[in-house]
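>>> the sequence and its predicted three-dimensional model are supplied below.
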There are 2 protein chains.
Amino acid sequence: MATAQKLAATINGVAVDSLFATIEAVKATPSNAKFRFRIRNQWDTGSKNCSTVATFSGAHKELSHPKPFTLEADEPAILLGKDMAPNPVEYLLHALASCMTTSMVYHASARGIQIEQVESSFEGDIDLHGFLGLDPSVRKGYQGIRVVFRIKADVPGEQLQEIVQLGMRFSPVFDSVTNGVPVSVAGERL
Amino acid sequence: MATAQKLAATINGVAVDSLFATIEAVKATPSNAKFRFRIRNQWDTGSKNCSTVATFSGAHKELSHPKPFTLEADEPAILLGKDMAPNPVEYLLHALASCMTTSMVYHASARGIQIEQVESSFEGDIDLHGFLGLDPSVRKGYQGIRVVFRIKADVPGEQLQEIVQLGMRFSPVFDSVTNGVPVSVAGERL
């Protein structure tokens, strides 16, 4: 990591000096590591609904995105929607892809590894017997997800695989999706 | 379900006649239930990357969205990004929110339950000791996610809770996130 710091303040577009400063800030005050992310969702009709991503907190600060982001969801016609937006299970694949990519890039940058290009494909299988409630032995969610990363970097083959492993080892969404997360749900009258 | 069919072909914006037709099509030919969703992701620089959602397959058909959807991801400044788009863990919350909402609405519609309004809040905690590799006992992903649904419907209190339960029971993303999914990852040179 010291080597990377000497080479450049920014590697792969990642400000590694800021990354090391973040690590120091967490070491100095462990509670700086606590982050909370949130969204609000509003149902429109049928399969259409929309999330707003506006605020979050971290390092003892309440923070806001420069403007709230809105994310629409819909379903394709074969799943009774109007196909105006990606569907929820496609968003899950995007969450996983974007997180594994960023985690890989940040951790490679911290190690001083230059990456030229990263592309990836994600696909997952769902059997509607689960969602439709036709067979309780069939799960509702993805039965499995397959990922292929294609990476351009001037490194030997084993280091290429090491870069891929960084995405698996450190990605918060990869951990959440592979190991599961406890989700508590409450309902209120509006 | 027969009652709902007699009442209207569309409830809550859901074509329940098509929903029942889908159930019959799966009962007649179980392999019609097999769906495969996919995305491609391209890294830009630093924390910026972009997914394309174009095709999927289901009921023995290769299918396309009317146009490919693009989903950008970034990180806020405190996490070393330019804050041009939601971050991956916020996308995960949106995937969960949109899926629970749609699952709730579809299954309520199949039961003939009219819903006027649905809003929800999702929040989750992450401790950066995991992502930064500072403490192997701290998980990288969400430690927990808390959900509150607010529903407007002319139903008694227990049926309101039953509507919320439908989202938990049938949502593919809720199942994926709470129970975990096997993810296989391969790396290739580009």
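Okay, I see it. Numbers count the residues shown, from 1 in each chain, chains lettered A, B, ... in the order given.

>>> longest helix in chain A, please.
Secondary structure of chain A per DSSP state H: the longest helix is helix A:88-110.

>>> do it and chain B meet?
Yes: judged by C-beta under 8 Å from any C-beta of the partner chain, helix A:88-110 comes into contact with chain B at A:88-103, A:105-107. Glycine gets a C-beta too; all of them are placed from N, C-alpha and C.

>>> all helices of chain A, in order?
Along chain A, counting by DSSP H, helices occupy A:2-7, A:16-28, A:88-110, A:128-131, A:157-170, A:172-179.

>>> nearest spatial neighbour of residue A:134, skipping sequence neighbours?
Leaving aside its chain neighbours, residue A:134 sits nearest to residue B:26 (6.3 Å; criterion: C-beta to C-beta, 6 or more residues apart in numbering or on different chains).

>>> same check on residue A:94?
In space, residue A:94 is closest to residue B:51, 4.3 Å off (C-beta to C-beta, 6+ apart).

>>> how about residue A:66?
Among residues not flanking residue A:66 along the chain, residue B:83 sits closest, at 5.7 Å (C-beta to C-beta, 6+ apart).

>>> residue contacts, that neighbour?
A:65-66, B:74-77 (C-beta atoms under 8 Å, 6 or more residues apart in numbering or on different chains).

>>> thinking again about what came up before, can you say which of the helices of chain A is packed in most?
Of all the helices of chain A, helix A:88-110 carries the top mean neighbour count, a mean of 28, counting by mean count of other C-beta atoms under 10 Å in any protein chain shown.

>>> mean confidence for it?
Taken as a whole, helix A:88-110 has a mean pLDDT of 98.

>>> the inter-axis angle of that helix versus helix A:16-28?
Going by axes from the mean of the first three to the mean of the last three C-alpha atoms, to 10 degrees, helix A:88-110 is angled at 100 degrees with respect to helix A:16-28.

>>> for residue A:139, grab the count of nearby residues.
18 (other C-beta atoms under 10 Å in any protein chain shown).

>>> can you give me phi and psi for it?
When read as degrees, to the nearest 10, the backbone of residue A:139 gives phi -70, psi 150.

>>> ok, residue A:134 next?
Dihedral pair for residue A:134: phi -90, psi -20, per degrees, to the nearest 10.

>>> show me what contacts it?
A:128, B:23, B:26-27, B:33.

>>> please report how far it lies from residue A:158.
Distance, residue A:134 to residue A:158, by C-beta to C-beta, to the nearest Å: 47 Å.

>>> returning to that earlier point: possible to save the contacts of residue B:83 as a markdown table with pLDDT and neighbour count?
Formatted as a markdown table, these follow (pLDDT from 0 to 100; neighbours: other C-beta atoms under 10 Å in any protein chain shown):
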| residue | pLDDT | neighbour count |
| --- | --- | --- |
| A:65 | 98 | 19 |
| A:66 | 97 | 10 |
| B:74 | 98 | 24 |
| B:75 | 98 | 24 |
| B:76 | 98 | 22 |
| B:77 | 97 | 14 |
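
>>> any idea how far residue B:141 is from the residue lying closest to residue A:30 once chain neighbours are set aside?
Spatial nearest neighbour of residue A:30, chain neighbours left out: residue B:129 (7.1 Å); criterion: C-beta to C-beta, 6+ apart. Residue B:129 sits 12 Å away from residue B:141, going by C-beta to C-beta.

>>> the closest residue to residue A:119 other than its chain neighbours - how many residues pack around it?
Of all residues not flanking residue A:119 in the chain, residue A:150 sits nearest, at 4.7 Å (C-beta to C-beta, 6+ apart). By the criterion of other C-beta under 10 Å, residue A:150 has 16 neighbours.

>>> dump the residue contacts of the nearest residue to residue A:166 once chain neighbours are set aside.
Spatial nearest neighbour of residue A:166, excluding adjacent residues (C-beta to C-beta, 6+ apart): residue A:107 at 4.1 Å. Residues in contact with residue A:107, defined by C-beta under 8 Å, 6+ apart, are A:166, A:169-170, B:133.

>>> so can I have JSON lines of the residues you listed showing distance to residue B:44 and pLDDT?
Shown next, in JSON lines, are the contacts of residue A:107 (distance: C-beta to C-beta, whole Å; pLDDT from 0 to 100):
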{"residue": "A:166", "distance to residue B:44": "18", "pLDDT": "98"}
{"residue": "A:169", "distance to residue B:44": "22", "pLDDT": "98"}
{"residue": "A:170", "distance to residue B:44": "19", "pLDDT": "98"}
{"residue": "B:133", "distance to residue B:44": "24", "pLDDT": "97"}
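
>>> for the residue lying closest to residue A:159 once chain neighbours are set aside, what are phi and psi?
The shortest distance from residue A:159 to any residue other than its chain neighbours is 7.1 Å, reached at residue A:113 (C-beta to C-beta, 6+ apart). The phi and psi values for residue A:113, taken as degrees, to the nearest 10, are phi -90, psi 120.

>>> what's the burial count for residue A:113?
Residue A:113: 21 surrounding residues under other C-beta under 10 Å.
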